[in-house]
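S.K.: Fold the following, please.
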Amino acid sequence: MSIVQIPMFFWLIPLCALAGIITALMLYKWSARHDEGTSRMKEIAASVRVGAMAYLGQQYRVMSLFFLVIAALFLFAALVSNISLWTPLIFLSGGLFSALAGYFGMKTATMASARTAAAAQKSLNSGLTLAFRSGGVMGLVVVGLGLMMISIWYVVLSGSMQIKDSADLGFLTATILSFGMGASLQALFARVGGGIFTKAADVGGDLVGKIEAGIPEDDPRNPAVIADNVGDNVGDVAGMGADLFESYVGSILAAGTLGVIAYAGLDMQWKATLVPLLIAGLGIVLSIIGIFLVRSRPDAGQKELMGALDRGIYFSTIGTSVGVFLLLYLIGLENWLQISLAVVVGMLVGIIIGKGTEHATSDEYKPTQSLAASAASDPATLVINGIGNGMISTVLPVITVAVGIILSFGIVADWQFNAEGVVSGLYGISIAAVGMLSTLGITLASDAYGPIADNAGGNAEMAGLDKEVRKRTDALDSLGNTTAAIGKGFAIGSAALTALALLASYLQSVRQVLLNDGTTSISLSGGETVDTAQATFDQLLTYFGASFMSPLTLVGFFIGTVVSFFFCGLTMKAVGRAAMLMVNEVRRQFREIPGIMEGTGTPDYANCVTIATKGAQKEMVFPAIIAMLTPIATGWLLGVGAVLGLLIGALCACFTLAIFMANTGGSWDNAKKYIETGEYGGKGSNAHKAAVIGDTIGDPFKDTSGPSLNILIKLMSMVAIATAAIPALYHLL
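M.R.: Numbers count the residues shown, from 1 in each chain. Sure, this is the predicted structure:
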């Protein structure tokens, strides 16, 4: 098929992506023109910038070896089977552009932190606007690069392949899925490695600095303070950017794959495949407008600040919801009305999850305020109540996603919950996931804004700025904790919907393996023989014995569940080991370097950065190996049914665990900040010391293990799809 045979509306998609990239560049230049403050502020910012870039360079070197090995395996598979020779290159490009999105976002964040502190000297609104628009660079780079690269691969592959029917188009979409696999693997490294770095520095600095030495957060006398600020950037900016990049492209690619089998006729299949890209492009345009609507009064309180962010997000969401109806009608998609409604369902699910997360983590609401009150009693009651609140907070997101699944499936499948409606219903679910992430440009801006505000507060403290400035940056930082938690909620919720779509893609890949192996018909348990190409998903499941009563499928459920807990345990212990090294180093410097506490001695900041870097690089590889090998080993040993069980078990466990950990950690953090405003004795009180302990426990919850789980779901699904031939043809049982 030649390039001209792609539907003409396709060219709107790269134009929208280009608009996002150009706007990100404009926002970057706008931020760079602002004053960076005093010479001391510039010096602090430069130290953080150098440390962050050094860490990122080291992480990319380790990852490159991993990627090259997997790409070589893909190349070998392409030479001995019918896998496309483009697959290794597409896989590598997914990892590369995920890394680039994180890099550009972090470069902006490290540039903007001191400038935000300087802007906060003028007013709270000045600091908010600068931090948010700088965060907008990250948001627009992620969606712009992601959508642009997917568009480019569609053009390249459709131009190089002879697409004569739906099978050829299905092969094209399956090939592009390797882009999502590369993005997922890079995201796992970035989230786990960055999370270990940032929380090792944060936990080590807080335990020794705040509790043992009794000095404030971000005090320049604390040797871990620069490493802590570096960690905010490598974990909460570069790691988060890679995380949401893979969520974004994963949802688009999964929906495109299902579009081929949900419709009949090549023309309509092309439209269904490209609709997710078109929705994403519309979301970019509306996100750009929404970013410029975020502003507040100079003396605004936290509720008004949150309202300012909500105004931009709601505008983008409502605008995209309305625009998608017109867009799908104009391109002539069958059942355009139902598909448009599925997009709206996805957006509503995202908003409800976001609001539920805000209620669970913001100090404006009872759950976090009650945590602060329990801190006045004892650290143990704070921890117990925090875990309880986190567990309860999972109810609303789970119910919301469940209702969203039923609605999006039912609307598109005409409420036929049977074999005939499965494929179209699953396409509806995948479109809902795309809808939830369509305005990621602005929702990620509100997420990336948080670390910038946090670093601005650290810069203000270390540079000795006026207390009023620190008060303003604290207000921005507290809001940033909430927006970061909301961003994690979006990523986790979309992961649940996308993973369901990837399950269908996995079954489709298994079918393709059978056809490539010459299996033109399959025999069902009742003796009936059906054509492999025309078999329904239910018939494929029957052929492989993948029922809920099959012992192999049940074993898969258990494996998927336990691997989620095992993965969390590995990452939590990794933070604990790295934090222990940091604690010992900070204690050593307090003990051996004369004059640190008096302010006459200079701490060795660089050594703390080195310790955190080495700890993160050492610890991030094993969890990634587990994520890659588990679906391969399960498929080889137990077959297709067990892999399906594995993916379903991991989806349920990871989704609930991720929500619990993200909300619990966010609430502990904001309870600490609530006390620091003067409640329950304020800074230095027993309640504050208890809250610091809760915060340090919550750090790996919300910034390492929790957010890594949504990546784990999709990475294992992508690996299962890429290696579908193993369980379909070569399993032992």
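
S.K.: What residue, apart from its backbone neighbours, is nearest residue 140 spatially?
M.R.: Excluding the flanking residues, the one nearest residue 140 by C-beta to C-beta, 6 or more residues apart in numbering is residue 24, at 3.9 Å. C-beta coordinates here come from the backbone N, C-alpha and C atoms, glycine included.

S.K.: In contact with the one you found, which residues are there?
M.R.: If you count contacts by C-beta atoms under 8 Å, 6 or more residues apart in numbering, residue 24 has them with 104, 136, 137, 140, 141, 144.

S.K.: Go ahead and confirm the second one touches residue 441.
M.R.: Yes - taking C-beta atoms under 8 Å as the contact criterion, residue 136 and residue 441 are neighbours in contact, 7.5 Å apart.

S.K.: C-terminal to the longest helix anywhere in the chain, what's the next element?
M.R.: Ranked by residue count, the top helix of the chain under DSSP state H comes out as helix 467-516. Following helix 467-516 in sequence order, the next helix or strand is strand 521-523 (DSSP states H and E).

S.K.: if we look at that next one, which residues are touching it?
M.R.: In contact with strand 521-523 (C-beta under 8 Å, 6+ apart) are residues 514, 529, 530, 531, 532, 535, 539, 540, 543.

S.K.: if you look at these, which of them are in helices?
M.R.: Per DSSP H, the subset of the contacts of strand 521-523 in helices is 514, 539, 540, 543.

S.K.: Would you mind listing the two of those residues that lie farthest apart?
M.R.: Within those, 514 and 539 form the most distant pair, 11.8 Å apart (C-beta to C-beta).

S.K.: higher neighbour count, the two?
M.R.: residue 514 (22 against 18; other C-beta atoms under 10 Å).

S.K.: picking that back up, just how off-centre is the helix or strand containing the residue nearest to residue 140 within its chain?
M.R.: Here residue 24, judged by DSSP H and E, is contained in helix 12-32. Chain-centre distance of helix 12-32: 21 Å, with C-alpha atoms, centre = their mean, to the nearest Å.

S.K.: and it, which residues are buried?
M.R.: 12-14, 16-21, 23-24, 27-28, 31 (16 or more other C-beta atoms under 10 Å).

S.K.: can I get those residues in a markdown table with distance to residue 228?
M.R.: As requested, the buried residues of helix 12-32 are arranged in a markdown table below (distance: C-beta to C-beta, whole Å):
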| residue | distance to residue 228 |
| --- | --- |
| 12 | 44 |
| 13 | 41 |
| 14 | 40 |
| 16 | 38 |
| 17 | 35 |
| 18 | 37 |
| 19 | 36 |
| 20 | 31 |
| 21 | 31 |
| 23 | 31 |
| 24 | 27 |
| 27 | 26 |
| 28 | 25 |
| 31 | 23 |
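
S.K.: List only those of the contacts of strand 521-523 flagged as buried.
M.R.: Neighbour-count burial (16+ other C-beta under 10 Å) applied to the contacts of strand 521-523 gives 514, 530, 532, 535, 539, 540, 543.

S.K.: Now do the same for the residue nearest to the fourth one when sequence neighbours are not counted: its pLDDT.
M.R.: Once flanking residues are discounted, residue 535 sits nearest to residue 522: 6.1 Å by C-beta to C-beta, 6+ apart. pLDDT, residue 522: 90.

S.K.: any idea how far residue 522 is from residue 514?
M.R.: Distance check for residue 522 against residue 514: by C-beta to C-beta, to the nearest Å, it reads 7 Å.

S.K.: host element of the residue with the largest distance to the centre of the chain?
M.R.: Distance to the chain centre peaks in the chain at residue 527, reaching 45.5 Å (criterion: C-alpha atoms, centre = their mean). Under the criterion DSSP H and E, no helix or strand holds residue 527.

S.K.: rewinding a little: could you dump the contacts of strand 521-523 to a markdown table with distance to residue 243 and pLDDT?
M.R.: A markdown table is the format used below for the contacts of strand 521-523 (distance: C-beta to C-beta, whole Å; pLDDT from 0 to 100):
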| residue | distance to residue 243 | pLDDT |
| --- | --- | --- |
| 514 | 34 | 89 |
| 529 | 46 | 90 |
| 530 | 41 | 90 |
| 531 | 41 | 91 |
| 532 | 37 | 89 |
| 535 | 36 | 87 |
| 539 | 37 | 88 |
| 540 | 32 | 90 |
| 543 | 36 | 90 |
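
S.K.: Identify all contacting residues around stretch 562-578.
M.R.: The contact list for stretch 562-578 (C-beta under 8 Å, 6+ apart) reads 192, 195-197, 199-200, 203, 611-612, 615-616, 619-620, 622-623, 626-627, 630, 646, 649-650, 653-654, 657, 661, 699-700, 704-705, 708-709, 712, 716.

S.K.: Please work out the average pLDDT along that stretch.
M.R.: Average pLDDT, stretch 562-578: 92.

S.K.: Next, count neighbours for residue 528.
M.R.: Residue 528: 10 surrounding residues under other C-beta under 10 Å.

S.K.: where's it relative to residue 173, distance?
M.R.: With C-beta to C-beta as the criterion, residue 528 and residue 173 are 30 Å apart.

S.K.: and if you look at residue 230?
M.R.: 40 Å.

S.K.: Pick out whichever of those two has more residues nearby.
M.R.: Shown here are residue 230 and residue 173; by other C-beta under 10 Å, residue 230 has more neighbours (32 against 23).

S.K.: so the more buried one touches residue 44, yeah?
M.R.: No - using C-beta under 8 Å, residue 230 makes no contact with residue 44, being 11.3 Å away.

S.K.: now the strands for the stretch 501-650 of the chain?
M.R.: Using DSSP state E, counting those that start in this stretch, the strands of the stretch 501-650 of the chain run over 521-523, 529-531.

S.K.: looking at the ones you listed, which is closest to residue 547?
M.R.: Per C-beta to C-beta, nearest to residue 547 of these: strand 521-523, 15.5 Å.

S.K.: Could you please name the strands the closest one pairs with and the direction of each pair?
M.R.: strand 529-531 (antiparallel) (DSSP bridges).

S.K.: wait, what's in contact with residue 285?
M.R.: Contacts of residue 285 by C-beta under 8 Å, 6+ apart are 16, 19.

S.K.: what's the pLDDT at it?
M.R.: pLDDT recorded at residue 285 is 96.

S.K.: buried sites along the helix or strand hosting residue 710?
M.R.: Assigned by DSSP H and E, residue 710 belongs to helix 706-722. Using 16+ other C-beta under 10 Å as the test for burial, helix 706-722 gives 706-722.

S.K.: residue ranges with poor pLDDT in this protein?
M.R.: 1-5, 296-303, 305, 481-482, 484-485, 488 (pLDDT under 70).

S.K.: Now do residue 129 against residue 31, distance only.
M.R.: 10 Å.

S.K.: where exactly do the helices run in the stretch 201-350 of the chain?
M.R.: Under the criterion DSSP state H, counting those that start in this stretch, helices of the stretch 201-350 of the chain are mapped to 225-233, 240-262, 266-291, 302-331, 336-361.

S.K.: among the contacts of stretch 562-578, which ones are buried?
M.R.: For those, buried by 16+ other C-beta under 10 Å: 192, 195-197, 199-200, 203, 611-612, 615-616, 619-620, 623, 627, 630, 646, 649-650, 653-654, 657, 661, 699-700, 704-705, 708-709, 712, 716.
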